[in-house]
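1. Attaching a predicted model along with its sequence, questions to come.
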Amino acid sequence: MEATFEDVYRAHFRFVWQTLGRFGVREADLMDVTQNTFLVVHRKLPGFESRGSLRTWLFAICRGMARDYKRSARIRREVVVDFQEDPLPSAQPETQLEDMANQAVLRSLDSILEKLPEKLRAVFVLFVLDEMSGDEIAWLLQIPLGTVRSRLRLARARINGEIAAFLALLGHRPGVKRCLCN
């Protein structure tokens, strides 16, 4: 059974939104870029061949849209920086201090991801955050499985290094806790 555009939009809006954000689209521009992404999806959906999953196909479109977004920012001489806007209200009430700490951690993680080269970031995001298998990532990015594993190892090493440097700035001793991205 073929998926309708409306079904794809409803089922995958959040995934597209998050993927674009992880690839550096500013919060202020996320809605526009997400809508533009779904315009591409609408145009290309009739030609979608279900050799891979719909989610990996959407990821590839998001990746291209984020790349175009960053390229066009350079042409307009913009610097793509995301200033945190008011966060969405959470289900559980937090104290102001907890909320500030959570926001700081999220900004730090976004900053660390932003420092990764796009090839490493793509593999890391797909594997760790989107929970895709190595085989799915290899198919999506059209690279050998060994390259997926190598890029994931390099991404983890760089992220661990960034986290260690960040913790050192805060006065934490190295080796006290192991990074969660392993």
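-> Done, it's in. These numbers come from a predicted model, not from an experiment.
2. any weak-confidence spans in this protein?
-> Where the chain drops to pLDDT under 70, the residues are 1, 52, 73-94, 172-182.
3. In it, which helix is the longest?
-> The residue-count maximum for a helix in the chain (DSSP state H) belongs to helix 145-169.
4. which residues touch the most centrally placed residue in the chain?
-> Central residue of the chain (CA atoms, centre = their mean): Arg22, 2.5 Å from the mean position. Contact analysis of Arg22 by CB atoms under 8 Å, 6 or more residues apart in numbering lists 113, 121, 125, 129. All C-beta atoms are positioned from the backbone trio N, CA, C, and that covers glycine.
5. of those, buried ones?
-> Among the contacts of Arg22, those buried by neighbour count (16 or more other CB atoms under 10 Å) are 113, 121, 125.
6. In a markdown table, list the residues you listed along with secondary structure and distance to Trp57.
-> Output for these, formatted as a markdown table (DSSP: H, G, I helix; E, B strand; the rest coil; distance: CB to CB, whole Å):
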| residue | secondary structure | distance to Trp57 |
| --- | --- | --- |
| Leu113 | helix | 23 |
| Arg121 | helix | 19 |
| Val125 | helix | 16 |
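7. Let me know the secondary structure of Ile143.
-> Secondary structure, DSSP: H, G, I helix; E, B strand; the rest coil: Ile143 is coil.
8. Apart from its chain neighbours, what residue comes closest to Cys62?
-> Counting by CB to CB, 6 or more residues apart in numbering, Cys62 lies nearest to Thr19, which is 4.2 Å off, once chain neighbours are set aside.
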